[in-house]
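In: just the structure for this:
(2 chains, ligands or ions: 2)
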Protein chains: 2
Amino acid sequence: MNKIPVLEIFGPTIQGEGMVVGRKTMFVRTAGCDYSCAWCDSKFTWDGSAKEDINLMTADAIVQRLKELGNNTFDHVTISGGNPALLKSIDGLVDLLHENKIEVALETQGSRWQDWFVKIDDLTISPKPPSSKMETNWTVLDDIILRLNQHHRLSHTSLKVVVFDQTDLRFAEEVHQCYSSIPFYLQVGNEDVEEAGVDQVANRLLKSYQWLIDQVMTNDRLNRVRVLPQLHALVWGNRRGV
Amino acid sequence: MNKIPVLEIFGPTIQGEGMVVGRKTMFVRTAGCDYSCAWCDSKFTWDGSAKEDINLMTADAIVQRLKELGNNTFDHVTISGGNPALLKSIDGLVDLLHENKIEVALETQGSRWQDWFVKIDDLTISPKPPSSKMETNWTVLDDIILRLNQHHRLSHTSLKVVVFDQTDLRFAEEVHQCYSSIPFYLQVGNEDVEEAGVDQVANRLLKSYQWLIDQVMTNDRLNRVRVLPQLHALVWGNRRGV
Ligand code: SF4
Ligand code: SF4
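Out: Ligands and ions are numbered 1, 2, ... in the order given. As a prediction, this is how the structure comes out:
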């Protein structure tokens, strides 16, 4: 049995960002990432600090835990990371969730293909902009989009770019131009993932959100787009597990 | 030529709520409503206070004004009210926008049918809950949903209910149960549409949003739902025309 390294299972809560923003969902957060983004808000998934908390779980055990927590109050699960696309073993989890009539969302930066991508109901590919200090492998990203298209999955796919500054915005334009038929989301970056006060985090993020709106509204290369904040950060600040 | 009574044309800005939340859009706000909701945030569209500001405009004049304001930085227009479904003359505007390769969104409470509903790209039907002091005519609402279904338009349709309290929540459950196959949005009510300070409005609305999330997360009659605040109110408070 292929096990999955799990760091957190929580919910039901709202999906705070992207293509199903606001959706009632449960979260499964996997350990491990092939990136190390400068502003990663889930560093504990890959920097070793939560190594002791990793549970190697079967799909069965994960679904059992989801049901313990969520009872019959959910029908949607978001698999998050880290980068869950590192794990071939997610395949069985997606199947088991579908057998239980539960929809599955997933976010990945688009650095690896997995055959089980074509089964994901809400797939967000989120290439990382220059402020992350990571470099997008465009060949891999192209290949992922091509395969999704070949499997007629583009209606289940979206692209999302986090934007901190003008350079990130240029990167976002480039991504949107390359894949203009895919629903495109721009997301406000969180400048301080350590700040404690909830109201302070919210007011700061709303100012950044307003900046991003202003930038996008006057930009004719970003028309068919959606600009969103992270709702969970507005409500709960930088808290984990909500 | 059938003219349209217009109160405001503005944008580009974000759509702050509902099925295309975050979408870059222009707004056309029409005058007149068959309801008078207790907490209406657009009372000036029907209470006579902005009577002098109503412009009777042709579809051509509206599109011209949109282009003056938005140049080539938009491809989406939201028709809002009041209740635009009172106006047969919206038909020509929708056609003209489509001819210009512009998508059209519309929100209405579901009290009147118009044949042009079947051309709307993003149609939000928003029955008003008990706190509004309005009564939903279920026969009319049923008929609207039936017709949209007959025209294969349900993939372009969503239902949205604003929730202020437990009674509204029961109403939302009822609507969702009746039309369970239609994407369903729950929206936080704004208790004070006059409050001035932007940060204060945001922090109050985020508290209400958290309350609504808590209610929905433990409710097994509200699973396949999305819970959202009004993003424009978080960013700009109660200001008009943004
Ligand atoms: S890809 Fe995601 S999880 Fe990985 S380092 Fe970047 S932000 Fe963090
Ligand atoms: S239906 Fe809408 S515009 Fe009409 S009174 Fe109610 S909230 Fe206001």
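
In: pull out the buried positions in the longest strand anywhere in chain A.
Out: As assigned by DSSP state E, the longest strand anywhere in chain A is strand A:4-14. Neighbour counts using 16 or more other Cβ atoms under 10 Å in any protein chain shown place A:4, A:5, A:6, A:7, A:8, A:9, A:10, A:11, A:12, A:13, A:14 of strand A:4-14 among the buried residues. (Glycine included, C-beta is placed from N, CA and C.)

In: for chain A, list the residue farthest from the centre, please.
Out: Going by Cα atoms, centre = their mean, the residue of chain A most distant from its centre is residue A:218, 27.0 Å out.

In: wait, that one sits on residue B:72?
Out: No: taking Cβ atoms under 8 Å as the definition, residue A:218 is not a contact partner of residue B:72, at 10.9 Å.

In: number of residues surrounding residue A:181?
Out: Around residue A:181 there are 9 other residues, counting by other Cβ atoms under 10 Å in any protein chain shown.

In: what's it sitting at in phi/psi?
Out: Torsion angles at residue A:181 (phi, psi; degrees, to the nearest 10) stand at phi -80, psi -10.

In: now do the contacts for the nearest residue to it once chain neighbours are set aside.
Out: Here the nearest residue to residue A:181 in space, its sequence neighbours aside, is residue A:154; by Cβ to Cβ, 6 or more residues apart in numbering or on different chains that works out to 6.9 Å. Taking Cβ atoms under 8 Å, 6 or more residues apart in numbering or on different chains as the criterion, residue A:154 is in contact with A:145, A:148, A:181, A:182.

In: if I pick the closest residue to residue A:57 other than its chain neighbours, what's in contact with it?
Out: Distances taken as Cβ to Cβ, 6+ apart put residue A:6 closest to residue A:57, at 4.9 Å, once the chain neighbours are dropped. Contact analysis of residue A:6 by Cβ under 8 Å, 6+ apart lists A:28, A:29, A:30, A:31, A:54, A:55, A:56, A:57, A:62.

In: secondary structure element for the last one?
Out: Meaning residue A:62. Residue A:62 belongs to helix A:59-70 when elements are defined using DSSP states H and E.

In: and the helix or strand just after that helix, what does it pack onto?
Out: Counting by DSSP H and E, the next helix or strand C-terminal to helix A:59-70 is strand A:76-80. With contacts taken as 3 or more Cβ pairs under 8 Å, 6 or more residues apart in numbering or on different chains; DSSP states H and E, strand A:76-80 sits against strand A:24-30, helix A:90-99, strand A:103-108.

In: could I get the average pLDDT for the shortest one?
Out: Averaged over strand A:103-108, pLDDT sits at 98.

In: center of chain A, which residue is that?
Out: Central residue of chain A (Cα atoms, centre = their mean): residue A:107, at 3.4 Å.

In: just checking, that one touches residue A:128?
Out: No: look at residue A:107 against residue A:128 with Cβ under 8 Å: they stay out of range, at 11.8 Å.

In: what's the angle from the helix or strand residue A:213 falls within to helix B:198-217?
Out: For residue A:213, the enclosing helix or strand under DSSP H and E is helix A:198-217. Interaxial angle of helix A:198-217 relative to helix B:198-217 (axes from the mean of the first three to the mean of the last three Cα atoms, to 10 degrees): 100 degrees.

In: ok now helix A:198-217, how far from the chain's centre?
Out: 20 Å (Cα atoms, centre = their mean, to the nearest Å).

In: same check, this time on stretch A:226-234
Out: 12 Å.

In: stretch A:226-242 too?
Out: 12 Å.

In: so who does residue A:44 touch?
Out: Going by Cβ under 8 Å, 6+ apart, the list of residues near residue A:44 reads A:7, A:50, A:240.

In: so which of these are also by chain B?
Out: Within the set of the contacts of residue A:44, contact with chain B (Cβ under 8 Å from any Cβ of the partner chain) is found for no member.

In: can I get these in CSV with pLDDT?
Out: Listed next are those as CSV, based on pLDDT from 0 to 100:
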residue, pLDDT
A:7, 97
A:50, 94
A:240, 81
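
In: now the residues you listed in TSV, with distance to residue B:202?
Out: Below are the contacts of residue A:44 laid out as TSV (distance: Cβ to Cβ, whole Å):
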residue	distance to residue B:202
A:7	32
A:50	32
A:240	23
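
In: nearest to chain B, of those?
Out: Comparing the contacts of residue A:44 against chain B with Cβ to the nearest Cβ places residue A:240 closest, at 16.6 Å.

In: phi first, then psi, for that closest one.
Out: phi -100, psi 150.

In: name the nearest residue to it, ignoring sequence neighbours.
Out: Residue A:240 sits nearest to residue A:8 (Cβ to Cβ, 6+ apart), 7.5 Å away.

In: please look at the one you found and residue A:242 and confirm they touch.
Out: No: using Cβ under 8 Å as the test, residue A:8 is too far from residue A:242 to be in contact (10.6 Å).

In: quick check on the residue nearest to residue A:181: phi, psi?
Out: phi -70, psi -30.

In: any idea how far residue A:222 is from it?
Out: 20 Å (Cβ to Cβ, to the nearest Å).

In: number of residues surrounding the closest residue to residue A:133 other than its chain neighbours?
Out: Closest residue in space to residue A:133, ignoring its immediate chain neighbours: residue A:38 at 4.7 Å, by Cβ to Cβ, 6+ apart. By the criterion of other Cβ under 10 Å, residue A:38 has 11 neighbours.

In: assumed residue A:124 was part of a helix.
Out: No: secondary structure of residue A:124 (DSSP: H, G, I helix; E, B strand; the rest coil): strand, not part of a helix.

In: check it and give its pLDDT.
Out: For residue A:124, pLDDT reads 98.

In: so what's it bridging to?
Out: Using DSSP bridges, the bridge partners assigned to residue A:124 are residue A:107, residue A:158.

In: quick one: contacts for it?
Out: So residue A:124 contacts A:18, A:19, A:105, A:106, A:107, A:108, A:157, A:158, A:159, A:160, A:185 (Cβ under 8 Å, 6+ apart).

In: repeat that for residue A:196.
Out: Taking Cβ under 8 Å, 6+ apart, one finds A:237, A:238 in contact with residue A:196.

In: pretty sure residue A:104 is touching residue A:79, no?
Out: Yes: using Cβ under 8 Å, residue A:104 is in contact with residue A:79, at 6.6 Å.

In: name the residues contacting each of these two.
Out: residue A:94.

In: between the two, which one's more packed in?
Out: residue A:79 (26 against 23).

In: name the nearest residue to the more buried one, sequence neighbours excluded.
Out: Here the residue nearest residue A:79, using Cβ to Cβ, 6+ apart, is residue A:106, at 4.7 Å.

In: tally of neighbours for the one you found?
Out: Neighbours around residue A:106, by other Cβ under 10 Å: 24.

In: shouldn't it be in contact with residue A:123?
Out: Yes: using Cβ under 8 Å, residue A:106 is in contact with residue A:123, at 5.6 Å.

In: identify the contacts common to those two.
Out: residue A:117.

In: tell me, how many residues neighbour the residue in chain A positioned nearest to ligand 2?
Out: Nearest residue of chain A to ligand 2: residue A:22, at 20.4 Å (Cβ to the nearest ligand atom). Number of residues near residue A:22 (other Cβ under 10 Å) recorded here: 24.

In: mind checking pLDDT for it?
Out: For residue A:22, pLDDT reads 98.

In: counting neighbours, what do you get for residue A:241?
Out: So residue A:241, with other Cβ under 10 Å, has 11 neighbours.
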